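Visitor: Mind folding the following:
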Amino acid sequence: MEKYRLSKFVKVLICFALPFLLCIPAAAEESPSFQRNRIQHEIDDLSEEVRLRQAEVDMLDERLCAVSKLTARNYLELEEAENRCLTEKERLNTRLRDMYKNGDVGLVEVLLNVKDFEDLLARVSYLQRINEFDLDLFNSYVRKKDETFLLRNDLEKHKMETLALKRQKLEALSELKSNLDEKHDLMDRVNAELLAEIERAERQREQRKREKAMKSTPPGFPVKVVACDVFPYLGRTYSTSERFPSRYKATGARFSGVASWYGNEFDGKATASGEIFNENDFTCASRTLAFGTYLAVSYGNAQIVVQVTDRGPFVEGRILDLSKAAANALGISGIGSVDIEIIEPLDN
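Guide: Numbers count the residues shown, from 1 in each chain. Prediction:
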């Protein structure tokens, strides 16, 4: 019983799920043109990211340059402090040598040779000032050295951190550039495929034109006019070229407008579709209708069937250019207002 229930549940599930599965379209393969647009977007995004990463690396280089300048200034200030200390030390040594040359050796001699108490105070005060000045100079040098040492450590630490960050940025930049190169290579391949596709399409188009030209009625060749049927208008008589189908059905797509005709200097020349124009055939030119479209054209009491093989007319206010023979069959000598319906050929 449980197996029967499970089987029934699976069948019901399949019945509900199958329509949804059938509605899911298969993944279509990207066309070269669509693939090219997608890759171009990816290249643009990667190029912008490379630009931003390069700007970050350049900013880090500027920071490293500033740190190097501060470090150099730090060394210079310490060197200046050392030079000042050495200068003062040399001056002190000079004074001591002068005192020795003058016989003033040692503090005892200085104190024993005083003239009076005021002289004693002056000498002691002078020696004390010399000692305080040397001590202050030494302490100043020590402080400067300590400050310079701390600043140098901070600068070195900052420099190492900046270098590490720069290495990370350069690695990321290298990877981005590698991805960008791959995208460019892929774009080159897609462009080659797209070019090959365009060339194939152009060859096919030229082949179709040649085939149409071969099927065309030769210029100056007489065209036999025959009657044809257009359903459901069986009570009307339609004239057309012998090379066209003899049975058609109406589509209901109707429109009206001014038609003109062309021939003479265009006779024997290639049309936009590739067919050779024969002014004696039942063809026409339209600005928008697809090549090969059949039209039932009415003017007064006359009806004909023509095929679209060319582009035109290029005069404002006109919708159709008929061949000379088609215009004559309708009785149009210049221009005329015609009724048109798109028709489809039926298998004979």
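Visitor: Show me the domain layout of the chain.
Guide: As recorded under automatic domain parsing, the domains making up the chain are 34-193, 225-345.
Visitor: Now the longest one: average pLDDT?
Guide: It stands for domain 34-193. For domain 34-193, mean pLDDT rounds to 77.
Visitor: picking up where we left off before, could you single out the most deeply buried of the domains of the chain?
Guide: Of all the domains of the chain, domain 225-345 has the most neighbours on average by mean count of other C-beta atoms under 10 Å, namely a mean of 18. From N, CA and C alone the C-beta is placed, and that goes for glycine too.
Visitor: looking at the domains of the chain, which is closest to Ala201?
Guide: For these, distance to Ala201 was read as C-beta to C-beta. The smallest value, 12.4 Å, belongs to domain 34-193.
Visitor: if we can go back for a sec, for the domains of the chain, give me TSV that also has distance to Glu211.
Guide: Putting these into TSV (distance: least, C-beta to C-beta, whole Å) gives the following:
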stretch	distance to Glu211
domain 34-193	26
domain 225-345	8
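Visitor: I'd like the distance between the closest residue to Arg210 other than its chain neighbours and Ser174.
Guide: Setting aside the residues directly before and after it, Arg210 is nearest to Gly274 in space (C-beta to C-beta, 6 or more residues apart in numbering), at 7.2 Å. Noted for Gly274: a distance of 53 Å to Ser174, by C-beta to C-beta, to the nearest Å.
Visitor: Equivalent analysis for Leu78, please.
Guide: In this structure, Leu78 and Ser174 are 39 Å apart, going by C-beta to C-beta.
Visitor: Same question for Arg167.
Guide: Separation of Arg167 from Ser174 (C-beta to C-beta): 10 Å.
Visitor: for Glu161, same thing?
Guide: Between Glu161 and Ser174 the computed distance is 20 Å (C-beta to C-beta).
Visitor: what's the answer for Met160, then?
Guide: 21 Å.
Visitor: ok, then the element right after the helix or strand harbouring Asn328?
Guide: Assigning secondary structure by DSSP states H and E places Asn328 in helix 324-330. Read in the C-terminal direction, the helix or strand following helix 324-330 is strand 336-345, with elements assigned using DSSP H and E.
Visitor: With adjacent residues omitted, what lies nearest to Thr293?
Guide: Taking C-beta to C-beta, 6+ apart, and ignoring the residues beside it in sequence, Thr293 has Val308 as its nearest neighbour in space, at 4.5 Å.
Visitor: by contact count, what packs against the helix or strand harbouring Glu161?
Guide: Secondary structure assigned from DSSP H and E places Glu161 in helix 117-215. Counting contacts by 3 or more C-beta pairs under 8 Å, 6 or more residues apart in numbering; DSSP states H and E, helix 117-215 packs against helix 32-101, helix 106-112.
Visitor: between the ones you listed, which gets nearest to Glu242?
Guide: Comparing those against Glu242 with C-beta to C-beta, the closest turns out to be helix 32-101 (42.0 Å).
Visitor: what's the angle between the closest one and helix 117-215?
Guide: On the basis of axes from the mean of the first three to the mean of the last three C-alpha atoms, to 10 degrees, helix 32-101 is oriented at 160 degrees to helix 117-215.
Visitor: Which neighbours do Arg167 and Ser174 have in common?
Guide: Between them, Arg167 and Ser174 have no joint contacts when contacts are counted by C-beta atoms under 8 Å, 6 or more residues apart in numbering.
Visitor: Could you measure from Val297 over to Val226?
Guide: In this view, Val297 and Val226 are 16 Å apart by C-beta to C-beta.
Visitor: One more: Lys209?
Guide: Taking C-beta to C-beta as the criterion, Lys209 is separated from Val226 by 27 Å.
Visitor: same check, this time on Glu316
Guide: Relative to Val226, Glu316 is positioned 35 Å away (C-beta to C-beta).
Visitor: same check, this time on Ser31
Guide: Relative to Val226, Ser31 is positioned 44 Å away (C-beta to C-beta).
Visitor: Repeat that for Ser337.
Guide: According to C-beta to C-beta, Ser337 stands 26 Å off from Val226.
Visitor: do the same with Phe255
Guide: Distance, Phe255 to Val226, by C-beta to C-beta: 26 Å.
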